[in-house]
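Enquirer: Predicted model and sequence below, questions to follow.
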Amino acid sequence: MQIQTVGIVGAGQMGNGIAHVFALAGFDVLMTDISRESLDAAIALIDRNLERQVSRGKITAEAKAAAMARISTTMTLTDLGQTDLVIEAATERETVKQAIFEDLQPHLKPSTILTSNTSSISITRLASRTDRPEKFMGFHFMNPVPVMQLVELIRGIATDDETYRTMLAVVEKLGKTAASAEDFPAFIVNRILMPMINEAVYTLYEGVGNVRSIDESMKLGANHPMGPLELADFIGLDTCLAIMNVLHDGLADTKYRPCPLLTKYVEAGWLGRKTGRGFYDYRGEVPVPTR
Ligand SMILES: CC(=O)CC(=O)SCCNC(=O)CCNC(=O)[C@H](O)C(C)(C)COP(=O)(O)OP(=O)(O)OC[C@H]1O[C@@H](n2cnc3c(N)ncnc32)[C@H](O)[C@@H]1OP(=O)(O)O
Ligand SMILES: NC(=O)C1=CN([C@@H]2O[C@H](COP(=O)(O)OP(=O)(O)OC[C@H]3O[C@@H](n4cnc5c(N)ncnc54)[C@H](OP(=O)(O)O)[C@@H]3O)[C@@H](O)[C@H]2O)C=CC1
């Protein structure tokens, strides 16, 4: 199936990055969110990130203008019903995602493919609540979307071959690389990455190191581009906790127990970069460790 129009639900850090790469690759993008401010902020951020690519000689000013012209926004979720491909990139909560697909369903054209950018939640379970589990897939981008090469493709138990082939072709058109993962909690990347981040929080909780020493150790000692706590702040601590809970519940193994300190930060509303404070405080000129 040929994909030209793409609907994106959720204009947070992932939604805006996904809109950016789709528009640059020539797709027409319609983005929605429950908050007008989030939509406006996403458009401004896409503009800034495209401009950075222009100034670094990665794309032309014409390509930037054409990409911006291909993105439109709406506050009405059901407007996305006529698109060829829907990518749900709302908050990592199963009830939120289910409600989005349920609300959208009566307005969808029969051929629309539904996907979720979920970091961890069962694709089979999300698909089973829709009228088209065979046209439903996990479509997992990495943050920051314009920079990271990988996209995980996750087939639910009912996903058909045509849908899978269509999504492989979309990933190719985006100039990215697909990795196929089976539909088990948190798939491949987060199955491996998130327990490491959780362990870094335990390392902090137990006083083995402070925020700075833990991050420096992993940057200089293991050549990670960001330390695990800096990366957790970058992903969003609410998302990290949600993924650990899916691993813990879904695999029923205590090795996935979320660190109580991670829970405490989320309860405080210290969700990382997006709220201005997490393991670092971003409100000043330079990030300052909070422990
Ligand atoms: C939770 C999940 O479900 C799954 C996940 O996503 S897990 C998280 C996966 N992501 C990671 O692990 C990211 C780890 N961090 C990194 O790779 C790097 O720190 C980083 C790429 C984010 C930034 O790299 P950096 O060298 O410190 O910064 P910087 O020099 O500003 O950026 C590097 C390049 O990316 C570009 N860039 C960074 N953010 C960008 C954005 N949002 N849009 C466009 N370009 C961007 C910069 O322009 C720069 O481009 P050039 O190489 O052409 O100069
Ligand atoms: N952060 C990351 O590194 C990665 C995240 N993901 C996944 O991507 C998804 C989004 O994460 P991320 O962008 O980081 O989260 P954000 O919190 O940055 O953005 C989520 C956005 O969804 C909006 N939203 C919430 N409910 C609805 C709804 N019912 N309809 C439309 N929009 C809604 C939120 O609005 P409001 O702010 O008003 O609540 C917010 O703008 C999650 O499933 C996450 O697991 C995948 C890969 C990497």
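Expert: Good, I have the coordinates. Ligands and ions are numbered 1, 2, ... in the order given.
Enquirer: For Pro289, give me its contacts.
Expert: Asn210, Val211, Arg212, Phe279, Tyr280, Asp281 (C-beta atoms under 8 Å, 6 or more residues apart in numbering). C-betas here are computed from N, CA, C, even on glycine.
Enquirer: Is it bridged to anything, and to what?
Expert: Tyr280 (DSSP bridges).
Enquirer: For it, give its distance to Ser116.
Expert: Separation of Pro289 from Ser116 (C-beta to C-beta, to the nearest Å): 34 Å.
Enquirer: residues from the stretch 101-250 of the chain in reach of ligand 2?
Expert: Applying C-beta under 6 Å from any ligand atom, one finds that the stretch 101-250 of the chain approaches ligand 2 through Asn117, Thr118, Ser119, His140, Phe141, Met142, Asn143, Ile235, Gly236, Thr239.
Enquirer: Including secondary structure, neighbour count and pLDDT, could the residues you listed go into TSV?
Expert: Formatted as TSV, these follow (DSSP: H, G, I helix; E, B strand; the rest coil; neighbours: other C-beta atoms under 10 Å; pLDDT from 0 to 100):
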residue	secondary structure	neighbour count	pLDDT
Asn117	coil	24	98
Thr118	coil	26	98
Ser119	coil	26	98
His140	strand	25	98
Phe141	strand	23	98
Met142	coil	19	98
Asn143	coil	16	98
Ile235	helix	26	98
Gly236	coil	24	98
Thr239	helix	25	98
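Enquirer: Considering only these, which also neighbour ligand 1?
Expert: Ser119, Met142, Asn143, Ile235, Thr239.
Enquirer: For ligand 2, what is the nearest residue in this protein?
Expert: Gly12 (1.8 Å; C-beta to the nearest ligand atom).
Enquirer: quick one: pLDDT of that residue?
Expert: Per-residue pLDDT puts Gly12 at 96.
Enquirer: before we move on, back to that, farthest pair within the ones next to ligand 1 among the residues of the stretch 101-250 of the chain next to ligand 2?
Expert: Checked with C-beta to C-beta, those reach their widest spread between Met142 and Thr239, with 12.5 Å between them.
Enquirer: Met167: which of the ones next to ligand 1 among the residues of the stretch 101-250 of the chain next to ligand 2 is nearest?
Expert: Closest to Met167, out of all of these and judged by C-beta to C-beta, is Met142, at 16.0 Å.
Enquirer: Leaving out sequence neighbours, find the closest residue to the closest one.
Expert: Distance criterion C-beta to C-beta, 6 or more residues apart in numbering; nearest residue to Met142, sequence neighbours excluded, is Met148 at 3.7 Å.
Enquirer: Got the phi and psi for the nearest residue to Val246 once chain neighbours are set aside?
Expert: Distance criterion C-beta to C-beta, 6+ apart; nearest residue to Val246, sequence neighbours excluded, is Ser120 at 4.0 Å. Backbone torsions for Ser120, taken as degrees, to the nearest 10, come to phi -160, psi -20.
Enquirer: Ser120 contacts His248, correct?
Expert: No - counting by C-beta atoms under 8 Å, Ser120 stays clear of His248, with 10.6 Å between them.
Enquirer: Mind naming the longest helix for this structure?
Expert: helix 36-55 (DSSP state H).
Enquirer: C-terminal to it, what's the next element?
Expert: helix 61-69 (DSSP states H and E).
Enquirer: Now that following helix: buried residues?
Expert: Across helix 61-69, burial judged by 16 or more other C-beta atoms under 10 Å covers Ala63, Lys64, Ala67, Met68.
Enquirer: any idea which of those is closest to Ile18?
Expert: Closest to Ile18, out of all of those and judged by C-beta to C-beta, is Ala67, at 12.7 Å.
Enquirer: Quick one: residues contacting that closest one.
Expert: Shown in contact with Ala67 (C-beta under 8 Å, 6+ apart): His20, Ala23, Leu24, Ile46, Leu50.
Enquirer: Repeat the analysis, applying 7 Å as the threshold.
Expert: Contacts for Ala67 (C-beta atoms under 7 Å, 6 or more residues apart in numbering) come out as Ala23, Leu24, Leu50.
Enquirer: and the gap between the last one and Met68?
Expert: When you say that, I think you mean Leu50. For Leu50 relative to Met68 (C-beta to C-beta), the value is 7 Å.
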